[in-house]
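Undergrad: sequence first, then the predicted structure:
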Amino acid sequence: MTKTALVVGASGIVGSATAALLVEQGWTVHGLARRPVAQDGVRPVVADLQDAGTTRTALAGIDADAVFITTWARQDSEAENIRVNAAMVRNLLDALPPATGPRHVALVTGLKHYLGPFEAYGKGTLPQTPFREEQGRLDVENFYYAQEDEVFAAAARDGFTWSVHRPHTVIGKAVGNAMNMGTTLAVYATLCRATGRPFTFPGSAAQWRGLTDMTDAGQLARHLLWAAETPAAHDEAFNVVNGDIFRWEWMWSRIAGWFELEAAPFDGVVRPLEEQMADDAPIWHEIAAQHGLVEPDLSRLASPWHSDADLGRPIEVVTDMSKSRRLGFTSYQPTDDAFFALFERLRADRLIP
């Protein structure tokens with residue numbers, strides 16, 4: 001029998017990749033978003049998870065074998081992040097029709113589980129790297145913890161299995177996404193090439209020289225499906241990264257080369273993208289007009305604040321995948337290939353020249 005999935009946040013980087021994989025694997029896929037975008041094989045569901053009543057109405061009649069929660073709403077403070085994002089998960093799980101068979105719910109969070117929320121990002125006493133799942137929660141308020149608690153409470157009430165997935169920075173395509181390093185760097189490189197500005201690494205010396213890893217959206221989608229279909233992975237939390245490690249001093253040159261640029265020498269000074277790109281909106285508009293690009297609004301492509309948070313960390317960040325490997329997840333994705341595949345897709349979709 002065909003399985004049915006509900007992908008929550010189907011228009012985002014993770015959600016769109018997950019929906020595409022499920023369609024490819026023969027699932028019936030419902031894609032929930034406030035403003036759904038057309039996706040082959042995905043049945044759109046329009047809902048605002050902050051509205052419990054309309055969410056319940058939107059989900060009536062959808063008997064999902066698996067639910068993939070890949071969305072969140074950024075707020076001005078962590079207290080508001082907790083209030084809003086916990087309520088979104090709660091409203092979703094309360095609105096699901098009773099399951100007629102086994103159901104699995106997968107929640108995507110991230111490494112802020114170990115690094116802390118944006119208000120205290122990478123500060124205080126942090127767990128030793130590489131991060132491992134058995135490392136407990138930090139003694140700080142964090143909306144990821146609140147989302148987990150909503151899933152745990154609903155699972156105890158309704159009897160479904162769950163999994164929590166903690167990716168590092170995700171590489172993938174989505175327009176209008178709040179956390180999108182891959183597209184941000186593509187836009188930044190395009191601006192540097194068009195204006196003759198140096199392609200300058202914006203982050204810290206610790207990130208430039210230290211080891212790190214990332215997560216391709218396709219790799220995360222495969223991990224989500226694997227956990228949903230693997231009984232041994234039920235009721236567990238997992239890190240999920242590509243499987244390789246790199247230093248930005250190497251990766252920056254790789255990205256520069258793809259855009260036919262020379263990487264500027266790094267002098268140890270942090271030069272945030274948010275400052276470098278502060279006045280670039282009209283320049284991007286001109287580039288878009290010149291090359292016939294489909295998105296002239298720089299703010300819908302680039303999220304420099306988020307890239308600055310990741311690239312400016314004062315510590316090395318590496319993620320352990322042993323737990324997933326021991327249970328049979330063996331997928332691997334070289335991170336430079338993930339960047340290059342994204343850049344090719346952005347060019348093919350006329351988002352960069």
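TA: Structure received.
Undergrad: just the pLDDT at the closest residue to Ala120 other than its chain neighbours, thanks.
TA: Using CB to CB, 6 or more residues apart in numbering and skipping the chain neighbours, the partner closest in space to Ala120 is Val140 (5.6 Å). No exception for glycine: its C-beta is placed from N, CA and C like everyone else's. Val140 carries a pLDDT value of 91.
Undergrad: model confidence for Gly122, exactly?
TA: Gly122 is given a pLDDT of 65.
Undergrad: which helix runs longest in the protein?
TA: Using DSSP state H, we find that the single longest helix of the chain is helix 78-95.
Undergrad: got the angle for whichever helix or strand comes after it vs helix 78-95?
TA: Going down the chain from helix 78-95, the next helix or strand is strand 104-108, by DSSP states H and E. Strand 104-108 and helix 78-95 are oriented at 160 degrees to each other (axes from the mean of the first three to the mean of the last three CA atoms, to 10 degrees).
Undergrad: name the strands paired with strand 104-108 and say parallel or antiparallel.
TA: Here strand 104-108 is paired, per DSSP bridges, with strand 66-69 (parallel), strand 161-167 (parallel).
Undergrad: for the helix or strand just after the last one, which helices and strands make contact with it?
TA: So the one you mean is strand 161-167. The C-terminal neighbour of strand 161-167 among helices and strands, as given by DSSP H and E, is strand 170-171. For strand 170-171, the packing partners by 3 or more CB pairs under 8 Å, 6 or more residues apart in numbering; DSSP states H and E come out as helix 181-195, strand 215-216, helix 217-229, helix 335-348.
Undergrad: can we see that at 10 Å?
TA: Secondary-structure packing of strand 170-171 (3 or more CB pairs under 10 Å, 6 or more residues apart in numbering; DSSP states H and E): helix 13-24, helix 181-195, strand 215-216, helix 217-229, helix 335-348.
Undergrad: list phi and psi for Arg247.
TA: Main-chain torsions, Arg247, degrees, to the nearest 10: phi -110, psi 140.
Undergrad: try the one 4 residues further on
TA: Comment: the main-chain dihedrals of Met251 come out as phi -70, psi -40, following degrees, to the nearest 10.
Undergrad: what's it in contact with, if anything?
TA: Counting by CB atoms under 10 Å, 6 or more residues apart in numbering, Met251 touches Leu185, Phe201, Trp208, Thr212, Met214, Ala263, Thr335, Asp336, Phe339.
Undergrad: can you do 8 Å?
TA: For Met251, the contact set (CB atoms under 8 Å, 6 or more residues apart in numbering) comprises Thr335, Asp336, Phe339.
Undergrad: in CSV: these, plus distance to Arg247, pLDDT and neighbour count.
TA: Below are the contacts of Met251 laid out as CSV (distance: CB to CB, whole Å; pLDDT from 0 to 100; neighbours: other CB atoms under 10 Å):
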residue, distance to Arg247, pLDDT, neighbour count
Thr335, 11, 98, 24
Asp336, 12, 98, 17
Phe339, 15, 98, 21
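Undergrad: ok, so of those, who is nearest Gln135?
TA: Taking CB to CB as the measure, Gln135 lies nearest Thr335 of the contacts of Met251, at 23.2 Å.
Undergrad: residues near the residue nearest to Asp213 when sequence neighbours are not counted, how many?
TA: Of all residues not flanking Asp213 in the chain, Val241 sits nearest, at 4.4 Å (CB to CB, 6+ apart). Neighbour count of Val241, defined by other CB atoms under 10 Å: 29.
Undergrad: spit out the contact partners of Val241.
TA: So Val241 contacts Pro167, His168, Asp213, Met214, Thr215, Gln219, Thr319, Met321 (CB under 8 Å, 6+ apart).
Undergrad: let's have these in CSV, adding pLDDT.
TA: As requested, the contacts of Val241 are exported to CSV (pLDDT from 0 to 100):
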residue, pLDDT
Pro167, 98
His168, 97
Asp213, 98
Met214, 98
Thr215, 98
Gln219, 98
Thr319, 97
Met321, 97
